[in-house]
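*Asks:* sequence-free structure coming up:
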């Protein structure tokens, strides 16, 4: 098993444990982060959008999406991540969202993920 595969499996395990506790609602949507080698992506997701009465089927609604790819910026560094964080906060405030639940998606709270979160907080989001 390669080193990359072990890291991916560890992230998936952390992600599963985080998602047990972190759920977005219409009052406090979930701010989720995905990072690749070149770009970073952030979304605001309302998890309570469509729930079947038997709770067998669950769907989410994406409220706002921002990425370094859409901003035409380099997202593989902290500067690009902070630009994405600032932009997601601006769009969230325009959509009427002031408070969110932060979902780091299994990534360690360090580097680009921390830069995005700090920039979103400075721009006005509360979490």
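*Replies:* In hand now; what should we look at? These numbers were taken from a predicted model, which means no experiment stands behind them.

*Asks:* what lines up beside the helix-or-strand element of the chain with minimal mean pLDDT in the sheet?
*Replies:* Least confident element among the helices and strands of the chain, by mean pLDDT, DSSP states H and E: strand 40-51 (a mean of 84). In the sheet, strand 40-51 lines up against strand 30-35 (antiparallel), strand 58-67 (antiparallel) (DSSP bridges).

*Asks:* helices along this structure, start to end?
*Replies:* Using DSSP state H, the helices of the chain run over residues 3-21, 78-94, 112-122.

*Asks:* can you list those helices in TSV and add mean neighbour count?
*Replies:* C-beta: built from backbone N, CA, C; applies to glycine. Output for those, formatted as TSV (neighbours: other Cβ atoms under 10 Å):
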stretch	mean neighbour count
helix 3-21	11
helix 78-94	21
helix 112-122	20
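
*Asks:* nearest to residue 59, out of these?
*Replies:* helix 3-21 (14.9 Å; Cβ to Cβ).

*Asks:* okay, buried residues for the least confident helix or strand of the chain please.
*Replies:* Using 16 or more other Cβ atoms under 10 Å as the test for burial, strand 40-51 gives 40, 41, 42, 43, 44, 45, 46, 47, 49.

*Asks:* could you measure the residue positioned nearest the centre of the chain against residue 127, distance?
*Replies:* The centroid of the chain falls nearest to residue 32 when counting by Cα atoms, centre = their mean (1.5 Å). Distance of residue 32 to residue 127, computed by Cβ to Cβ, to the nearest Å: 12 Å.

*Asks:* burial of residue 59, as a residue count?
*Replies:* Neighbours of residue 59 under the rule other Cβ atoms under 10 Å: 11.

*Asks:* gap between the nearest residue to residue 76 once chain neighbours are set aside and residue 94?
*Replies:* Nearest non-adjacent residue to residue 76, counting by Cβ to Cβ, 6 or more residues apart in numbering: residue 38, 5.0 Å away. Residue 38 is 27 Å from residue 94, where distance means Cβ to Cβ.

*Asks:* and residue 104, by the same measure?
*Replies:* 24 Å.

*Asks:* show me where pLDDT drops low in this protein?
*Replies:* 1, 49-58 (pLDDT under 70).
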